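Engineer: sequence first, then the predicted structure:
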Amino acid sequence: MCIIAAKYFKDTGWVLAKNRDQDYVSNVSFRDTPHDKVGEILVMYDHDIDYQEGMSHAGMAIITTSLTPRLLEETNKEDGENIYKALQISTPEAAAAFLIRQKMTGYIFIATPEKLILVEAAKNDQGKGEYEATTRVIPKTETVVRTNHGVDLP
């Protein structure tokens, strides 16, 4: 079970953390690529499943944990590509809207130093039904922790 957490610190801003609990030994590296609009994009890249998540030099970070009830249907490569595209966007609101338009599922933390948006998205009926997503701006007074179990969506 992957766990993600976010906490706001007065002199630092939002800090995100994740443990990545896979059923295989991950082969990961960090990729730092230049981008005209946001400076550089640094991602953790999993070579086995083509998944990536990370942060932009402009100060936005995106991390996730899955809510997919059927592991064989996880689309790690597509999700990683969408996260990389979202890191090229300048605001967390626009990045959240983009990932929702792509129908990405799971818990998605999108943060800048001053703002954290939590997206919870899933397909209802145990992953077979309609796509549904909720978004919420997290107050700086709240610490947020999520696992692979839905809170707002059944």
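Structural biologist: Received the coordinates, thanks. Note that the structure is predicted; figures quoted are calculated from it, not measured.
Engineer: contact partners for the residue nearest to residue 103 when sequence neighbours are not counted?
Structural biologist: Spatially, and ignoring its direct neighbours in sequence, residue 103 is nearest to residue 131 (4.8 Å; Cβ to Cβ, 6 or more residues apart in numbering). Every residue, glycine included, has its C-beta placed from N, CA and C. By Cβ atoms under 8 Å, 6 or more residues apart in numbering, the contact list for residue 131 reads 103, 105, 121-123.
Engineer: let's go with 10 Å and repeat that
Structural biologist: Residues counted as contacts of residue 131 (Cβ atoms under 10 Å, 6 or more residues apart in numbering) are 100, 103-105, 121-124.
Engineer: just residue 136 next, same as before
Structural biologist: 96, 116-120, 142, 144, 152.
Engineer: next SSE downstream of the lowest-mean-pLDDT helix or strand in the chain?
Structural biologist: The helix or strand with the lowest mean pLDDT-type score in the chain, counting by mean pLDDT, DSSP states H and E, is helix 124-127 (a mean of 72). Once helix 124-127 ends, the next helix or strand along the chain (criterion: DSSP states H and E) is strand 131-137.
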